[in-house]
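Undergrad: What shape does this take:
(4 chains)
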Number of protein chains: 2
Amino acid sequence: MLQATEQILLDEGYAAVSTRRVAAVAGTDKALVHYYFGTMDDLFIAVFRRNAEHGAERLREALASPQPLWSVWEAMHDQSSTALMTEFIALANHRKAVKAVMVDNSRKFRRMQLDGLATVLESYGLDPKEWPPAAIIVLLSGISRYLRTDEAFGVGLGHDETVELVERHIAALEGPRARTKRSK
Amino acid sequence: MLQATEQILLDEGYAAVSTRRVAAVAGTDKALVHYYFGTMDDLFIAVFRRNAEHGAERLREALASPQPLWSVWEAMHDQSSTALMTEFIALANHRKAVKAVMVDNSRKFRRMQLDGLATVLESYGLDPKEWPPAAIIVLLSGISRYLRTDEAFGVGLGHDETVELVERHIAALEGPRARTKRSK
DNA sequence: GTCTATAGCTGGATAGAC
DNA sequence: GTCTATCCAGCTATAGAC
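TA: Here you go, the predicted structure:
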């Protein structure tokens, strides 16, 4: 049922998520959605938490890898989680309970990124005065999300140039990406 | 009625936009919404177009100003239009007609930014090989939108550092901002 | 745990009086 | 142009049979 909800969020947007639709996609009954999750808020929160935990897990792995900067950049650059996040951001606009959970989670996530990357960046000889790690993280996050949103719309102008620029700078700090996923 | 719709989008999210709500906020009747705009798709498109025209107008002005880079950055950095855009992006996920209009508009807008800033950036001595104008625009747009989204959530970690970093680089190219809106 | 039934509401859209 | 009335669909949520 969590899976079904996620699917509907991605395919049709949050407004299409209803007990009926979820039940239909999950192949069960709409009354059971209430039985297991209570209200719709609770259902959304459950889906969000599951996703947030997955994201935190990926972040932990990325930070522990031999090329943390590359790994974090690639972990951010995930289409489906970005699209899901977009839906949740819009959803939070009129669901207070969901928003509260999201704000709390965002703060923790950002803190985790910062604690993990600050020492790494400093060890690369980056002057924290000129290039604050917190700013680097915000930059990478913002760029990544923007690119994915654009892509979802089929707008790609400036896309390649931006990725090339960012990755050139990452490579300058951390060396070329070891296990190349994208051949450039 | 366009104004009312915009207000609801900002305050309560797109799912709250209904003929009843729009009529209530606009102080009119729900049947009139259909009379003037036809379907809900048409209403959303009308609101979007009105906003897009306003955005294009601001961009034109910014590009014509003595400090185009600063002006474009500030024009991007507008809270209400960013929040509205976020709603429209989510909305477009399940309204084909709205999406089509938005994609078309996004392409034109990006093209306008690119045509306007490419020569400016080159005149500042920026090597287009190392810093492609298209990438600069995507960077600034992404960062700006991300910051605003964060702010709406009350997450501000790394915010100040990022703005400082970006504006330091803009100042290096175009000189200090002439008419300071933000005292630093 | 699972399904049926139903209450009670809000939604888009149209027809027709004025 | 404006308002009332109305149709029908979909929604959340709960009660109760099995």
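
Undergrad: Who are the contact partners of residue A:13?
TA: Shown in contact with residue A:13 (Cβ atoms under 8 Å, 6 or more residues apart in numbering or on different chains): A:87, B:90-91, B:93-94. C-betas here are computed from N, CA, C, even on glycine.

Undergrad: Poorly predicted segments of chain A, please.
TA: Chain A contains residues with pLDDT under 70 at A:180-184.

Undergrad: where along it do the helices fall?
TA: A:2-12, A:19-26, A:30-37, A:40-64, A:68-76, A:79-92, A:96-123, A:133-153, A:159-174 (DSSP state H).

Undergrad: quick revisit: show me which of the contacts of residue A:13 is closest to DNA strand C.
TA: residue B:91 (12.1 Å; Cβ to the nearest atom of the strand).

Undergrad: Give me the domain ranges for chain A.
TA: Domain segmentation of chain A under automatic domain parsing yields A:1-38, A:40-174.

Undergrad: closest one to DNA strand C among these?
TA: Closest approach to DNA strand C among those is made by domain A:1-38 (3.6 Å; Cβ to the nearest atom of the strand).

Undergrad: hmm, that closest one touching DNA strand C?
TA: Yes. Shown here: domain A:1-38 in contact with DNA strand C (Cβ under 7 Å from any atom of the strand) through A:28-29, A:31-32, A:35.

Undergrad: Now render the residues you listed as a markdown table, adding neighbour count and distance to residue A:99.
TA: Output for these, formatted as a markdown table (neighbours: other Cβ atoms under 10 Å in any protein chain shown; distance: Cβ to Cβ, whole Å):
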| residue | neighbour count | distance to residue A:99 |
| --- | --- | --- |
| A:28 | 15 | 28 |
| A:29 | 13 | 29 |
| A:31 | 10 | 27 |
| A:32 | 14 | 26 |
| A:35 | 10 | 25 |
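
Undergrad: filter those residues down to the ones close to DNA strand D.
TA: The subset of the residues of domain A:1-38 next to DNA strand C within reach of DNA strand D, by Cβ under 7 Å from any atom of the strand, is residue A:31.

Undergrad: what does chain A put close to DNA strand C?
TA: Proximity of chain A to DNA strand C, by Cβ under 7 Å from any atom of the strand, involves residues A:28-29, A:31-32, A:35.

Undergrad: out of those, which one sits closest to DNA strand D?
TA: residue A:31 (4.0 Å).

Undergrad: Would you mind measuring from the closest one to residue A:19?
TA: Look at residue A:31 and residue A:19: by Cβ to Cβ, to the nearest Å, they are 8 Å apart.

Undergrad: now do residue A:171
TA: Distance, residue A:171 to residue A:19, by Cβ to Cβ: 49 Å.

Undergrad: and if you look at residue A:74?
TA: Distance from residue A:74 to residue A:19, by Cβ to Cβ: 37 Å.

Undergrad: ok, now residue A:170?
TA: Taken as Cβ to Cβ, the span from residue A:170 to residue A:19 is 45 Å.

Undergrad: Over to residue A:37?
TA: Going from residue A:37 to residue A:19 by Cβ to Cβ gives 9 Å.

Undergrad: More neighbours: the two, which one.
TA: For residue A:37 and residue A:19, the more surrounded residue by other Cβ atoms under 10 Å in any protein chain shown is residue A:37, and the numbers stand at 20 against 17.

Undergrad: Pretty sure the more buried one sits against residue A:47.
TA: No. Applying Cβ atoms under 8 Å as the test, residue A:37 and residue A:47 come out as separate, 9.4 Å apart.

Undergrad: quick one: furthest residue from the center of chain A?
TA: Taking Cα atoms, centre = their mean, the residue of chain A most remote from its mean C-alpha position is residue A:31, at 31.2 Å.

Undergrad: wait, what's in contact with that one?
TA: Neighbouring residues of residue A:31 by Cβ under 8 Å, 6+ apart: residue A:19.

Undergrad: Ok, residue A:152 next?
TA: Going by Cβ under 8 Å, 6+ apart, residue A:152 touches A:79, A:83.

Undergrad: now the one 3 residues further on
TA: Contacts here follow Cβ under 8 Å, 6+ apart; on that basis residue A:155 touches B:103, B:106-107, B:110.

Undergrad: Buried by neighbour count, from these: which ones?
TA: By neighbour count, with 16 or more other Cβ atoms under 10 Å in any protein chain shown, the contacts of residue A:155 hold B:106, B:110 as buried.

Undergrad: out of the contacts of residue A:155, which one sits closest to DNA strand D?
TA: The closest of those to DNA strand D turns out to be residue B:103 (Cβ to the nearest atom of the strand; 26.4 Å).

Undergrad: What distance do you get for that closest one to chain A?
TA: Residue B:103 sits 5 Å away from chain A, going by Cβ to the nearest Cβ, to the nearest Å.

Undergrad: Excluding chain neighbours, what is closest to that residue?
TA: residue A:153 (5.3 Å; Cβ to Cβ, 6 or more residues apart in numbering or on different chains).

Undergrad: and the gap between the one you found and residue B:104?
TA: Counting by Cβ to Cβ - residue A:153 and residue B:104 are separated by 10 Å.

Undergrad: quick one, which of those two is more surrounded?
TA: Taking neighbours as other Cβ under 10 Å, residue A:153 and residue B:104 compare with residue A:153 leading, 15 against 12.
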